[in-house]
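In: Next one to model:
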Amino acid sequence: MTLRCAFSLNLSALLMVGAVLAACSPSPKHQSIEFLASDAHVVVGGVPLIVPFVALTGLITKKPSFSFNKQKDHQAAKERLEAFRNAASSQETAPSADQLEITMSTFGSTGVDSSREGICALLSRQWAKSVCDDPRAPLQQALPIQNNRFFLVDDRNLDVFQNHLTVGGERVWDQLQQMRLKVGEASVVCDAKSSSKTRFCTAAISIKQHLAAVWTVWDSSVETHARQAEREGKGITAFVIDALGPIENFPALLSAACKLRNPTTPTGPRESPCTGSN
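Out: As a prediction, this is how the structure comes out:
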């Protein structure tokens, strides 16, 4: 695998980073916007990716810690965050990961918290700037809408989903085992039972080499789960190819996103960048 980290930040180490940081690390509002806006270089499935840290919420979001030694855990989390940050700071030392959680949101939306004010101007890529303060941005509407997140994974190590449960309480890993992933074609397996009237399903698609994506889809009044998986799978593929690679191709990404927007996307006060593109 190319561009492995010099000190081999492998799957288990990276997952430990994520777990410990989620429990103990400073919350995003206590991290500098310079850090959040900076780019992380990570290799997944043999494919080098460039993603701003602010989109890697699985690594930076604070959650409750139940440790009896919070001070020690906090220090360990701080050290691991620094190790990951240093490794991911350049292409030459990019760490390899089996799973990367991507969150697509209005990064610059502050609400009552003004700590992210100014982050949009610091983001290096046009795609990130386009969604930073616009919840109706075409790219945000073309990607998975369940918590605005999806996972990029190494398809040789899908067992990282053994502890992930679906809405119906089934293991995501079990559903992935029923799929034969193909490039450009989304695969879907639905929950056998659900306490909800809505049918929820796991979707996955192969993107390139051993890089794949996994996310959640469901039936709605305007779109079947199969259609949602097809549309969002194309959106994720375009996003990875045109946004996260060594060179960004934003015009191509925007063109694809405009054709793949959620059919329920409301109109907003801003003029749509998709006007005249369809």
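In: Who are the contact partners of the residue sitting nearest the centre point of the chain?
Out: By C-alpha atoms, centre = their mean, the chain has its centre lying nearest to I102, at 1.1 Å. I102 sits next to 51, 55-56, 149-152 when contact means C-beta atoms under 8 Å, 6 or more residues apart in numbering. Placement of C-beta: from N, CA and C, glycine included.
In: again with L139
Out: By C-beta under 8 Å, 6+ apart, the contact set of L139 is 104, 127, 130-131, 235, 239, 243, 253-254, 257.
In: What of K193?
Out: Contacts for K193 (C-beta under 8 Å, 6+ apart) come out as G168.
In: Kindly recompute the last result at 10 Å.
Out: Counting by C-beta atoms under 10 Å, 6 or more residues apart in numbering, K193 touches 168-170.
In: So among those residues, which ones count as buried?
Out: 168, 170 (16 or more other C-beta atoms under 10 Å).
In: give me the number of residues near the residue nearest to S105 when sequence neighbours are not counted?
Out: Leaving aside its sequence neighbours, S105 sits nearest to N148 (C-beta to C-beta, 6 or more residues apart in numbering; 4.9 Å). Around N148 there are 17 other residues, counting by other C-beta atoms under 10 Å.
In: Check E79 too.
Out: E79 has 12 neighbouring residues, counting by other C-beta under 10 Å.
In: Could you do W215 as well?
Out: Neighbours of W215 under the rule other C-beta under 10 Å: 25.
In: Tell me how far E170 lies from T216.
Out: As judged by C-beta to C-beta, to the nearest Å, E170 and T216 stand 12 Å apart.
In: Which element is encountered next along the chain beyond the host helix or strand of V43?
Out: According to DSSP states H and E, V43 maps onto strand 39-44. On the C-terminal side of strand 39-44, the closest following helix or strand by DSSP H and E is strand 47-52.
In: those strands in the stretch 151-278 of the chain, which residues are they?
Out: Ranges of strands in the stretch 151-278 of the chain, per DSSP state E, counting those that start in this stretch, are 187-190, 200-208, 211-218.
In: okay, these, which one's buried deepest?
Out: Ranked by mean neighbour count, the strands of the stretch 151-278 of the chain are led by strand 211-218 with a mean of 25 (mean count of other C-beta atoms under 10 Å).
In: Distance from that strand to the middle of the chain?
Out: For strand 211-218, the distance from its own C-alpha centre to the chain's C-alpha centre is 10 Å (C-alpha atoms, centre = their mean, to the nearest Å).
In: May I have that strand as PDB, with CA atoms only?
Out: Extracted C-alpha coordinates of strand 211-218, given in PDB (Å, rounded to 0.1, in the frame of the first residue of the first chain):
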ATOM      1  CA  LEU A 211     -11.700   2.000  -1.400                       C
ATOM      2  CA  ALA A 212     -15.500   1.600  -0.800                       C
ATOM      3  CA  ALA A 213     -18.200   3.600   0.900                       C
ATOM      4  CA  VAL A 214     -20.900   2.500   3.400                       C
ATOM      5  CA  TRP A 215     -24.000   4.500   4.400                       C
ATOM      6  CA  THR A 216     -27.700   4.200   5.300                       C
ATOM      7  CA  VAL A 217     -30.700   4.600   3.000                       C
ATOM      8  CA  TRP A 218     -34.400   4.200   3.400                       C
END
